[in-house]
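# Here is my input; please provide its structure:
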Amino acid sequence: MLSLKEIIHADIEPSALDSEKLKNEEDLLAKANKIRAKWGNPWTVTSGIRTLKEHLRIYAQKGITDQSKIPMRSKHLENVINAAAVDIADPELKITIWLKANPEILEEADLYCEDGNKNWVHFQNAPFGSYKAGGTRWFKT
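Modelled structure (predicted):
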């Protein structure tokens, strides 16, 4: 199972987090571990909480430096208190394919995923802006 330190994934101690952010990270951890247990194989966290500086660096690596094209309300950001996100390595998209074939798993865990990633699966514990109850739990950025 994943640990709180793994899901945070940054050089940030859980005790240093705002109490609301910590609560949301703990919520994400419990929900992600439900899915991880059903998956039955180890997971590798590739991204968790990000500082704004780290977030901008990641997008610069992708060739995106125009901040109007960078998701500044990303659930990864440390200043987005009401949500938490984690990326899990998924190089062959096996987890993604499995989740899409079994949509009830995301529903039961109450998590949402970003669609269209090349080698990871993104989980977040807050619904995306256009989510409608009973609809897909997959969104595109």
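# Buried ones in stretch 75-87, by neighbour count?
With burial defined by 16 or more other C-beta atoms under 10 Å, the residues of stretch 75-87 counted as buried are 75-78, 80, 83-87. Any C-beta I mention is one placed from the backbone N, CA and C, and that applies to glycine too.
# Might one say that S47 is in contact with I7?
No. In terms of C-beta atoms under 8 Å, S47 does not count as a neighbour of I7; the distance is 10.2 Å.
# Setting aside sequence neighbours, what's the nearest residue to L28?
A84 (3.9 Å; C-beta to C-beta, 6 or more residues apart in numbering).
# Can you give me every residue that contacts T65?
T65 sits next to 56, 59 when contact means C-beta atoms under 8 Å, 6 or more residues apart in numbering.
# Regarding it, what are the backbone dihedral angles?
When quoted as degrees, to the nearest 10, the phi and psi of T65 stand at phi -120, psi -10.
# distance of the residue lying closest to A89 once chain neighbours are set aside from S19?
Spatially, and ignoring its direct neighbours in sequence, A89 is nearest to T44 (4.2 Å; C-beta to C-beta, 6+ apart). As judged by C-beta to C-beta, to the nearest Å, T44 and S19 stand 28 Å apart.
# Looking at the chain, which helix is longest?
helix 19-39 (DSSP state H).
# Now that one: buried residues?
Using 16+ other C-beta under 10 Å as the burial criterion, the residues of helix 19-39 that qualify are 21-22, 24-36.
# circling back: tell me which of S47 and I7 has more neighbours.
Residue environment comparison for S47 versus I7 gives the larger neighbour count to I7, 24 against 19, counting by other C-beta atoms under 10 Å.
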